[in-house]
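J.: would you be able to build a 3D model of this:
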Amino acid sequence: YEVIAGAAPDVELGLKKPDKPAADAPAAEKKPKRKPAADIAPWEEGASTEEKPDEESKPEEEAKPKSAGEGEARVLDENPYERQPYYKNAVYQAAMCYSNLLPKPNFQKMVNYFSLLAVKFPKDVLALDAYFKIGAFFMSLNQENKAQDLDKYKRAVEYFTKVVDTEREIKPDKAFSKAPEALSKVASAYYYMKDFAKVEEVFNLLKKDYAKSPFFAEALYWMGMSYKDQNKTREMLDLFTTLIEQFKGQRESFIALSLLGDYYADEAAREKKDPAAAVAASNEAVKMFERVVLEASPEPGERGSNVDLILRSLNRLTKVYSDADRAQDGVDAYEKKFLPLFQKYPDIAARVLEEISVFYNNNGVYDSAIDSLKKAEKLSKLTCRGEFFLAQAYDRKGDRENAKKYYEDIINRCSKEPYAGMAFSALMLMELE
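T.: All right, here's what the predicted structure looks like:
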């Protein structure tokens, strides 16, 4: 593919910080900065498809062709394959090969070839995909690292915006449309940048032009999260309720249910001075978490699996029942509703049994706790949390031999988990007694 595509110029990714100049190095001559043209996003007032000329450019100079990254890539001299029908696909496939390269992808080369594709074929549907994949790359850089870099989000927005602009110009078939998904990514980038006004602008654009798109659900989610972070509780509740009703069965609706469950669980804790209000909030939390467990499919779908949301909701539901002193209600729900549901999914069924053991352990019914965890162990390897509860149940029952065996296993197997420290402390107490 690379032989046919030819060499692609490097696009500046901005991943490495420039070296600091030596202390004794002469100061570089400062050149006056040229004023950039107005950068108006397509969802902002005054957006235009016309390019404004650079006021300082000389009329006699030939205008240089723009690239995917605002001048970051240049059009190369024609190579002998460029006029062939397979050239375009070769450039695209070269980029894809580098993105999937083993043992380690070469993202620099990937971006280079996608940029070259966008320069050579700016009005082709493959350019939409190229812009989108470069934007997704910059988003992924922040998602993989704890330190968030606003510049990377800005670069992501830049490329996702190009998807929207290009699609408006070439008007592709719906099967090739990527604008709704690109806009949902823009909304998420602005959310992480804490630019809530921009999130709302993008949300309103999606609502106006793409309200029936499944990606509008993502925009609803990011708008709801923006309200949450701004402590606009009523607006958040209304938006998440709309998301749940309008996009029933979609992953974002289950995330919204889970977040509403968190809200009502916190509300129950805050309302302890008003027992009736606390019970009402607790009941709402139970409803939200139970809906996730009962309605979310564990099977992988187009938008990924919901297993993480199911397990999280099980865990949160255990705490809600425990905080409300409703351990028996929790055991009944888990044994009668959830266990039969997940017979075909042993990993999830094992987690349900782990949660049942929590109720028994917390209420001093250690034999039942051990029985539940032993059943779980036959279905799937216990989590560090589950194994700690098993060791704890043996410890509290007075079976030191088994307690010690499981505590030691936790220390060896779960060294990076907090349960390893808890197991070590429990062993020290056993030695002191």
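
J.: where does pLDDT dip in the stretch 201-350 of the chain?
T.: 301-304 (pLDDT under 70).

J.: which residues in it form helices?
T.: With DSSP state H, counting those that start in this stretch as the criterion, the stretch 201-350 of the chain has helices at 216-229, 233-246, 251-270, 275-295, 307-323, 327-332, 339-341, 346-362.

J.: what residues sit buried inside the shortest one?
T.: Taking 16 or more other C-beta atoms under 10 Å as the neighbour-count basis, helix 339-341 is seen to contain the buried residues 339, 341. For every residue, glycine as well, the C-beta is placed using N, CA and C.

J.: elements contacting it?
T.: helix 346-362 (3 or more C-beta pairs under 8 Å, 6 or more residues apart in numbering; DSSP states H and E).

J.: distance to residue 374 added to the helices of the stretch 201-350 of the chain, as a markdown table?
T.: As requested, these are exported to a markdown table (distance: least, C-beta to C-beta, whole Å):
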| stretch | distance to residue 374 |
| --- | --- |
| helix 216-229 | 40 |
| helix 233-246 | 38 |
| helix 251-270 | 30 |
| helix 275-295 | 23 |
| helix 307-323 | 19 |
| helix 327-332 | 16 |
| helix 339-341 | 15 |
| helix 346-362 | 9 |
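
J.: residue 369 is nearest to which of these?
T.: The closest of these to residue 369 is helix 346-362. By C-beta to C-beta, the value is 3.8 Å.

J.: which other helices and strands contact the closest one?
T.: helix 307-323, helix 327-332, helix 339-341, helix 366-379, helix 384-397.

J.: quick check: buried residues in the fourth one?
T.: Taking 16+ other C-beta under 10 Å as the basis for neighbour counts, the residues of helix 366-379 that come out buried are 366, 368, 369, 370, 371, 372, 373, 375, 376, 377, 379.

J.: pull the number of nearby residues for residue 253.
T.: If you count neighbours by other C-beta atoms under 10 Å, residue 253 ends up with 24.

J.: verify the stated contact: it with residue 241.
T.: No: using C-beta atoms under 8 Å, residue 253 makes no contact with residue 241, being 10.2 Å away.

J.: spell out which helix or strand contains residue 141, please.
T.: helix 125-143 (DSSP states H and E).

J.: next, the angle from the helix or strand following that helix to helix 125-143.
T.: Of the helices and strands lying after helix 125-143 in sequence (DSSP H and E), the nearest is helix 150-170. Helix 150-170 runs at 160 degrees relative to helix 125-143, counting by axes from the mean of the first three to the mean of the last three C-alpha atoms, to 10 degrees.

J.: the spatially closest residue to residue 90 that is not a sequence neighbour: what secondary structure?
T.: Nearest residue to residue 90 in three dimensions, chain neighbours excluded: residue 4, at 3.9 Å (C-beta to C-beta, 6 or more residues apart in numbering). The assignment at residue 4 comes out as helix when based on DSSP: H, G, I helix; E, B strand; the rest coil.

J.: so which elements touch whichever strand or helix holds residue 111?
T.: In this assignment (DSSP H and E), residue 111 forms part of helix 107-120. Applying 3+ C-beta pairs under 8 Å, 6+ apart, we find helix 107-120 packed against helix 87-99, helix 125-143.

J.: what's the longest one packed up against?
T.: Packing contacts for helix 125-143, counted by 3+ C-beta pairs under 8 Å, 6+ apart, involve helix 87-99, helix 107-120, helix 150-170, helix 179-192.

J.: how about the last one as PDB, C-alpha atoms only?
T.: Once side chains and other backbone atoms are set aside, the C-alpha atoms of helix 179-192 remain, and they are given as PDB (Å, rounded to 0.1, in the frame of the first residue of the first chain):
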ATOM      1  CA  ALA A 179     -21.700  14.300  11.100                       C
ATOM      2  CA  PRO A 180     -24.000  13.200  14.000                       C
ATOM      3  CA  GLU A 181     -21.300  11.000  15.600                       C
ATOM      4  CA  ALA A 182     -18.700  13.700  15.000                       C
ATOM      5  CA  LEU A 183     -20.900  16.300  16.700                       C
ATOM      6  CA  SER A 184     -21.500  14.000  19.700                       C
ATOM      7  CA  LYS A 185     -17.700  13.700  20.000                       C
ATOM      8  CA  VAL A 186     -17.400  17.500  19.900                       C
ATOM      9  CA  ALA A 187     -19.900  17.800  22.700                       C
ATOM     10  CA  SER A 188     -17.900  15.300  24.800                       C
ATOM     11  CA  ALA A 189     -14.600  17.200  24.100                       C
ATOM     12  CA  TYR A 190     -16.200  20.500  25.200                       C
ATOM     13  CA  TYR A 191     -17.600  18.800  28.300                       C
ATOM     14  CA  TYR A 192     -14.100  17.600  29.300                       C
END
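
J.: run through who's touching it.
T.: 43, 131-132, 135-136, 139, 142, 148, 153-154, 156-157, 160-161, 163-164, 167-168, 196, 198-199, 202-203, 205-206, 210, 213, 215-216, 218-219, 222-223, 225-226 (C-beta atoms under 8 Å, 6 or more residues apart in numbering).
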